[in-house]
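>>> Here is my input; please provide its structure:
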Amino acid sequence: MALTSRSSGSPNAGPSAPESFDPASKDPASNDPGRKTKRPGPIDRYFKITELGSTFFREIRGGLATFFAMCYIVVLNPLILSGPDGSGQTLGVPQVAAVTAIVAGVTTILMGAWARYPFALAAGLGVTAFVSATIATTKGLTWPDVMGLVLISGVIMFLLVLSGFREAVFRAVPAGLKTAIVVGIGLFVAIIGLVNAGFVRRVPDAAGTTVPVQLGQSGLLVGWPTLVFVFGLVLTIILQVRKIKGAILIGIVASTVFAMILQALTDTPPSSQSPSGWSLMVPNMPHDFFSVPDLSLFGKISLFGAFADIGFISAVLLTFTILLSVFFDAMGTMTGLASEAHLLDKDNNFPNANRVLLVDAIGSMSGGFGSVSSNEIFVESAAGIAEGARTGFASVVTGLLFLASAFIAPLVSVVPFEAVAPALVVVGFMMVSQIRTIDWSDIGITLPAFLTFTLMPFTYSIANGLGAGFIAFSIIRTVQGRAREVHPLMWVVSAAFVVYFCVGPIQQILGIS
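Residues are numbered from 1 along each chain as shown. Sure thing, here's the model as predicted:
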């Protein structure tokens, strides 16, 4: 599947043949044997920018697009973690916001500068919601106890990467399921955009209907923010069809400007005050442009407090659930993003995967240590890849912007969800188009693939989709009499996912609240 205009090239081409890059096609004079070619500089050579068919401008553009697509996390993460813990204590919203930005910035720069992939990291919404709504509300647990469990899961994941187990699991996944992961993440990205923009909304339980989601508010598209989303979506599609370079970023910037104009004329409130209001960020110019971040949450954890407060078995089950979620969320996300950027090798495997996995594990540990939940690779990195990002230089740009956002308020407070959502919908389409490469004649692949790419968006969890797909693959191959085709690690992972899905019943059997 192409992100930019091209006439040929395998979608699984590795770093040695990215985007069918042909220098001669860029510059006819390069065929002249007497012509001197400019040698790439040290930064270019380190990040392999020219080698991967990219340019500094494309990497910067991609880094900007990724940042604007995911900067909402600096505002949203503190709101998710603002509830009381099992003892009634709360985390400070300004402190969580500051540490969220700092940890995201540092880990994203590490991903770019060391692992050299165009992936950005931040506090993962799925694991953060689980931590806040399920673990933190456990009677007797405090926020330091909870973040201690997050840190422990990150340490275990780091050790699994060092042992080679995590990369081995990645290589054990069949090619068809890897493609399903890409498709599932595409659908996931698209529904995130649609829901964040309010174009698709959850139906309240009081509505007396079994329909889980609906178009807009009560089946109608209302509100100025929805107009911003529609404007941005139409503009981005037009730019993509016309093959305009920078289409994604242009769409975000133009939609943001349009949103600010509308806000100045209409003074629309946030959705917390009006159902037709802005989803989260209201596109007003802030009064204070600079602030000093409060980093007092760093180190405020109790590493083994949960084991003392709720018992060993309960703490182990909670740690296992966190670990499995972040373990496979990252594996699925990095597979989808690398495939979209054409950075996988001919066997759909990841060159230099261990560095990416190590940085992801460091992000999990850093998030726990900073009390902002596990940091992981963000699917919104696809927005930067769609803009042409192919190297870690783009991640360095994104990371620096995150660090700046801890000090400069407008970087995250001006861009509303509705301006970013169109980019996510278009990127989702790009990723889903890879569904054509799945062998639909083999039910042993297609049914697990179907479960994988449907459950990811429907349950808002990459790990849930992976778990269902892995278990189904192992079962179907066995029923087909082809159990030998199931890699031993797939059996191990499938068994782990069975436990993951049964944590609730296990807790009930053991009498754990």
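>>> What's the separation between residue 138 and residue 147?
Residue 138 sits 13 Å away from residue 147, going by Cβ to Cβ, to the nearest Å. Yep, even glycine has a C-beta here, placed from its N, CA and C like the rest.
>>> before we move on, what about residue 416?
Plainly put, residue 416 is 30 Å away from residue 147 if you go by Cβ to Cβ.
>>> any weak-confidence spans in the stretch 1-150 of the chain?
Within the stretch 1-150 of the chain, the stretches with pLDDT under 70 are 1-37.
>>> what are the ranges of the strands in it?
Using DSSP state E, counting those that start in this stretch, the strands of the stretch 1-150 of the chain run over 121-123.
>>> The chain now?
Remark: strands assigned in the chain by DSSP state E are 121-123, 200-202, 213-215, 375-377.
>>> Excluding chain neighbours, what is closest to residue 452?
Closest residue to residue 452 apart from its sequence neighbours, by Cβ to Cβ, 6 or more residues apart in numbering: residue 469 at 3.3 Å.
>>> okay, now the one you found: neighbour count?
Neighbourhood size, residue 469 [other Cβ atoms under 10 Å]: 31.
>>> Dump the strands of the chain to CSV, plus distance to residue 68 and mean neighbour count.
CSV is the format used below for the strands of the chain (distance: least, Cβ to Cβ, whole Å; neighbours: other Cβ atoms under 10 Å):
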stretch, distance to residue 68, mean neighbour count
strand 121-123, 13, 31
strand 200-202, 21, 15
strand 213-215, 26, 13
strand 375-377, 17, 31
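>>> and these as CSV, adding distance to residue 152?
Shown next, in CSV, are the strands of the chain (distance: least, Cβ to Cβ, whole Å):
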stretch, distance to residue 152
strand 121-123, 17
strand 200-202, 33
strand 213-215, 36
strand 375-377, 15
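>>> Out of the ones you listed, flag the one nearest residue 445.
The minimum distance between residue 445 and the strands of the chain falls on strand 375-377, with 25.1 Å, by Cβ to Cβ.
>>> quick one: strands adjacent to the closest one?
strand 121-123 (antiparallel) (DSSP bridges).
>>> distance between the partner strand and the chain's centre?
Strand 121-123 sits 8 Å away from the centroid of its parent chain (Cα atoms, centre = their mean, to the nearest Å).
>>> again, but for stretch 464-482
On Cα atoms, centre = their mean, the centre of stretch 464-482 falls 25 Å from that of its chain.
>>> before we move on, what about stretch 165-177?
Centre-to-centre, stretch 165-177 and its host chain are 19 Å apart (Cα atoms, centre = their mean).
>>> Can you point out the buried residues in it?
Buried residues in stretch 165-177, counted by 16 or more other Cβ atoms under 10 Å: 166-167, 169-170, 172-177.
>>> Of the residues you listed, which pair is most distant in space?
For the buried residues of stretch 165-177, and using Cβ to Cβ, no pair is farther apart than 166 and 176, which are 20.9 Å apart.
>>> What sits closest to residue 116 if chain neighbours are left out?
In space, residue 116 is closest to residue 392, 3.6 Å off (Cβ to Cβ, 6+ apart).
>>> ugh, wrong one, I meant residue 303
residue 148 (4.5 Å).
>>> How about residue 450?
Using Cβ to Cβ, 6+ apart, the closest residue to residue 450 is residue 180 (7.7 Å).
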